[in-house]
Structures are given as C-alpha cells and as structure tokens.
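[1] What follows is a protein structure lacking sequence information:
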Ligand code: PMP
C-alpha cells in the first residue's frame, strides 16, 4: 500500500501529495522540519519536538498555520493510517509559494507536511561494533550566520560534511565550529566518556539541541554519572575512553574510530553500552 502523507489537513497517497515548484522550501530551503520517532504507538518526546519546531519557525519569522494540539493529532492520525506503531515522522513546514524574488513575505501559504515511514540510518553491525567517523574540513555554520538551533530545510552545511565522510569511506563526519571546537556530527550530537564522566559540547558551540542528547543526559544523571557540557577539541576526542552519537534517527550509536585512530580500546565501551541499553528501555517503557 502506498504511504499516506498528511498535507495541509488532508491524507493523500504519496504520489498525490505534492507542492508547487515555486515553493520557497524548494527555491531557497526556506522552511523548517523535525524528525520524530514513535515506539509502540507512542511518540517519543512529542512536546519537546513540537516546541523545537515552533522555536525554529519563530526564529525564521514563519507562522505555522495550525496549533501544536492539531499537529499532535495529525501526527498520530498519520502513524495510524500507515499502520506504523514504530515509525519515523518527518514534519515539514515550508513558507509556501510566492514570487521568484527573495522577499519571504511574498508567500502567505505555508505548507504543512507530515510523512510517516520507517528509517534505518546505519546497519545493525555498526550498533554492535561501533562507527568509524572522520573530522570534516567543512566547519559548522557560524551561529551568527545560520544558527544550528534552527532545524531549517537548508541542510547543505551538514550535507557538505557528509559528502566528506562518505568520500573518505566513513559513515559520519565530526564537524568543528568556527573556533575549532567540537560541535556535532552532520545529523547527531556527540558525547565523550573519560573516567566515567560524560562530556558533550555546550549549546554555545553552535549545535542543535538534540532531544536525544537531553534524554541521554537525564539517563546518565540517573546512574550517578555527571555530564559536563563544556568546550571540547579534537584532542579530547583522541584521548577519550569512549565516544557515542545521539539522534532521533540514529538513537545511541557507539563510535570506535576517528580519523583512522582508535578511540579507547577501539570497541564500544561499557558506559556507551549501558546508556544505549537504558535508552532503548526508556523509549519502550515511556
Ligand atoms: N544535530 C543535528 C545537526 C541534527 O540534524 C540532529 C537531528 N537529526 C541532531 C543533532 C540530533 O537531534 P535529535 O536528538 O533531536 O534528533
């Protein structure tokens, strides 16, 4: 059966769920999005994802034409009609179609789209044995140019770094910020473990505030492990005991090598495995 897409209040087969070629989301990446998961028919951290979407909208001066309550209902409807108790939801809001000029206010018909599908970012073996990543030479966008806290449809900064990862034979790239500090990966936040303490870059490093990042910090605290949100450099990654990435699509995935160097003993470490297991429990028992 063809996937049913929720588009501006209607559920349509994916072939019929279309938007204008004049849409500013296509012409300029002028729009915002969210990636959300549901487990056993329940959306994980719906409120946090919707709050972030609404903050992204506010930051780019875009008004979402429906309420958070309506979005919540539409997400569940889309999951149900597609029979996806364990699904990945992509919410997209574009500014709509206007003239070909840059003026964002020439468009007055924002498009709201909800896609529900399945997603598998990395093969299972990487969750078992760990990922190998590389440092990209493409730096993360300067926060004063396009703040990474805005989950905008303009992801070329991340895609440029992903190109570097893949052409180097890796699956993911570490991105540094404009001061040379560790920021995040192209679609995931990064954590290091050193002497049983977790470290992750602060929001001021110019990163997306991941919903999974927050959940992992809560899980770590519940096990008595501190997470220090502090400026990190590549040196810290090289000398870490363990490293892992977090994201809605990726969940929690160990990293065992960076720039061809083993991190710690080059195998997923005990803290990473503990957090990974606790995360799986959390999402299923929420
Ligand atoms: N950083 C970036 C750049 C992302 O796109 C994402 C989401 N895929 C994340 C971090 C992780 O955020 P979350 O845990 O909310 O999915």
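    Structure received. Please read these numbers as outputs of a predicted model, since none were measured by experiment. Numbering: from 1, shown residues only.

[2] residues from the chain in reach of the ligand?
    35, 158, 184, 187-189, 208, 210-213, 246-249 (Cβ under 6 Å from any ligand atom). (C-beta placed from N, C-alpha, C; glycine too.)

[3] Tell me which stretches of the stretch 1-150 of the chain form strands.
    Counting by DSSP state E, counting those that start in this stretch, the stretch 1-150 of the chain forms strands over residues 4-7, 10-13, 31-39, 42-43, 88-94, 111-117, 131-135, given from the N-terminal end onward.

[4] tell me the contacts of the closest residue to residue 269 other than its chain neighbours?
    Using Cβ to Cβ, 6 or more residues apart in numbering and skipping the chain neighbours, the partner closest in space to residue 269 is residue 242 (3.4 Å). Contact analysis of residue 242 by Cβ atoms under 8 Å, 6 or more residues apart in numbering lists 192-193, 254, 263-264, 268-272.

[5] Which residues are in contact with residue 231?
    When contacts are taken as Cβ under 8 Å, 6+ apart, residue 231 is in contact with 181, 201-202, 205.

[6] actually residue 114, sorry about that
    Per Cβ under 8 Å, 6+ apart, neighbours of residue 114: 5-7, 71, 74-75, 78, 89-92.

[7] count of neighbours near residue 81?
    15 (other Cβ atoms under 10 Å).

[8] The residue nearest to it when sequence neighbours are not counted: neighbour count?
    Excluding the flanking residues, the one nearest residue 81 by Cβ to Cβ, 6+ apart is residue 4, at 4.8 Å. Residue crowding around residue 4 was assessed by other Cβ under 10 Å; the count is 22.

[9] Contacts only, for residue 4.
    Contact analysis of residue 4 by Cβ under 8 Å, 6+ apart lists 11-14, 78, 81-82.

[10] likewise residue 134?
    164-165, 168, 170, 173-174, 258-259.

[11] Would you check which pair of these lies furthest apart?
    Of all pairs drawn from those, the greatest distance, 13.2 Å, lies between 164 and 258 (Cβ to Cβ).

[12] higher neighbour count, those two?
    residue 258 (23 against 18).

[13] Flag every buried residue along stretch 113-124.
    Applying a neighbour-count criterion of 16 or more other Cβ atoms under 10 Å, one finds 113-116, 121 buried in stretch 113-124.

[14] again with stretch 219-231
    Buried, per 16+ other Cβ under 10 Å, within stretch 219-231: 219-220, 225, 227.

[15] average pLDDT across stretch 102-119?
    The average pLDDT for stretch 102-119 rounds to 96.

[16] Which pLDDT value goes with the residue of the chain most remote from its centre?
    When each C-alpha in the chain is compared with the mean C-alpha position (Cα atoms, centre = their mean), residue 99 comes out farthest, at 31.0 Å. Turning to residue 99, the model gives it a pLDDT of 92.

[17] what's around the residue lying closest to it once chain neighbours are set aside, how many residues?
    Spatial nearest neighbour of residue 99, excluding adjacent residues (Cβ to Cβ, 6+ apart): residue 106 at 4.6 Å. As a burial measure, residue 106 scores 14 neighbours (other Cβ under 10 Å).

[18] same thing with the one 3 residues further on?
    By other Cβ under 10 Å, the residues close to residue 109 number 14.

[19] tell me the contacts of the residue lying closest to it once chain neighbours are set aside?
    Residue nearest to residue 109 in three dimensions, not counting chain neighbours: residue 96, with 3.7 Å by Cβ to Cβ, 6+ apart. By Cβ under 8 Å, 6+ apart, the contact list for residue 96 reads 20, 23-24, 107-111.

[20] again, but for residue 178
    For residue 178, the contact set (Cβ under 8 Å, 6+ apart) comprises 139-140, 142, 206.

[21] gap between residue 171 and residue 48?
    Residue 171 sits 26 Å away from residue 48, taking Cβ to Cβ, to the nearest Å as the criterion.

[22] Neighbour count: these two, which is higher?
    residue 171 (20 against 17).

[23] Max pairwise distance over the residues of the chain next to the ligand: which two?
    Maximum pairwise distance among the residues of the chain next to the ligand (Cβ to Cβ): 17.1 Å, between 158 and 211.
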